[in-house]
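> This is the structure alone, sequence omitted:
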């Protein structure tokens with residue numbers, strides 16, 4: 001039975017599954033993205049996926065710094081300002097911090113608002129995937145009633161990589177991102193040294 005300081009056996013099993021998934025990817029396996037749906041059940045408390053979203057947004061920012069492109073400065077500045085706004089709202093959810101977060105969320109959407117009319121549907125054109133991750137992360141804070149699905153979406157956008165050998169989903173290129181996702185949830189529920197605890 002779980003206590004205030006000890007997660008349930010079901011939660012530990014899910015953390016084990018995330019760690020195993022990362023390890024399997026490192027060894028060349030690939031999986032459907034639906035393997036990440038177990039994250040939804042780890043997001044039952046809205047405060048937890050909000051912290052997860054900020055964490056992933058910061059990792060996406062780190063990835064973006066290695067990119068290049070004609071709009072890099074514009075996107076970089078927006079990401080750099082949105083993440084502190086998320087952090088301030090997380091620490092102090094006031095009307096002022098919420099208003100500022102809505103502002104940056106709208107700016108992120110406006111920065112990538114181009115839509116192409118294709119045969120079966122209108123498709124939004126995304127030039128900066130990291131900015132889309134940050135946009136989704138902001139939604140995780142702004143829509144707490146949907147934090148479970150949005151927490152999953154943040155993880156999905158961060159970890160999913162296309163590879164012509166496997167198609168979309170989780171593949172060996174996803175392994176570093178899955179390591180980081182497992183690390184967050186392991187530390188959140190089990191603290192430092194969580195890997196030894198899930199191996200026990």
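Done, it's in. Remember, predicted model here, so these are calculated numbers, not experimental data.
> Check the gap between residue 161 and residue 183 for me.
Distance of residue 161 to residue 183, computed by CB to CB, to the nearest Å: 18 Å. Glycine gets a C-beta too; all of them are placed from N, C-alpha and C.
> which helices and strands sit right next to the helix or strand of the chain with the lowest mean pLDDT?
Every helix and strand of the chain was ranked by mean pLDDT, DSSP states H and E. The lowest is strand 122-124, at a mean of 83. When contacts are defined as 3 or more CB pairs under 8 Å, 6 or more residues apart in numbering; DSSP states H and E, strand 122-124 packs onto strand 115-117.
> Which other helices and strands does the strand it packs on contact?
Going by 3+ CB pairs under 8 Å, 6+ apart, strand 115-117 lies up against strand 122-124.
> starting at the chain centroid, how far to whichever strand or helix holds residue 130?
Counting by DSSP states H and E, the element that carries residue 130 is helix 129-142. Centroid displacement of helix 129-142 relative to its chain, using CA atoms, centre = their mean, to the nearest Å, is 8 Å.
> Most distant residue from the centre of the chain?
Most distant residue from the mean C-alpha position of the chain: residue 119, 30.4 Å away (CA atoms, centre = their mean).
> sec struct for that one, please.
Of the three states, residue 119 takes coil according to DSSP: H, G, I helix; E, B strand; the rest coil.
> per-residue confidence for it?
Here, the pLDDT recorded for residue 119 equals 79.
> quick one on the thing from earlier: run me through the strand neighbours of the least confident helix or strand of the chain, direction for each.
strand 115-117 (antiparallel) (DSSP bridges).
> can you map out the helices along the protein?
Using DSSP state H, the helices of the chain run over residues 9-26, 39-42, 47-64, 72-91, 95-111, 129-142, 147-159, 175-190, 194-199.
> List the buried residues of the fourth one.
Right, helix 72-91. Under the neighbour-count criterion of 16 or more other CB atoms under 10 Å, helix 72-91 has 75, 76, 78, 79, 82, 83, 85, 86, 88, 89, 90 buried.
> burial of the spatially closest residue to the fifth one that is not a sequence neighbour, as a residue count?
Closest residue to residue 82 apart from its sequence neighbours, by CB to CB, 6 or more residues apart in numbering: residue 104 at 4.2 Å. The number of residues packed around residue 104, counting by other CB atoms under 10 Å, is 21.
> This completes my enquiry, with thanks.
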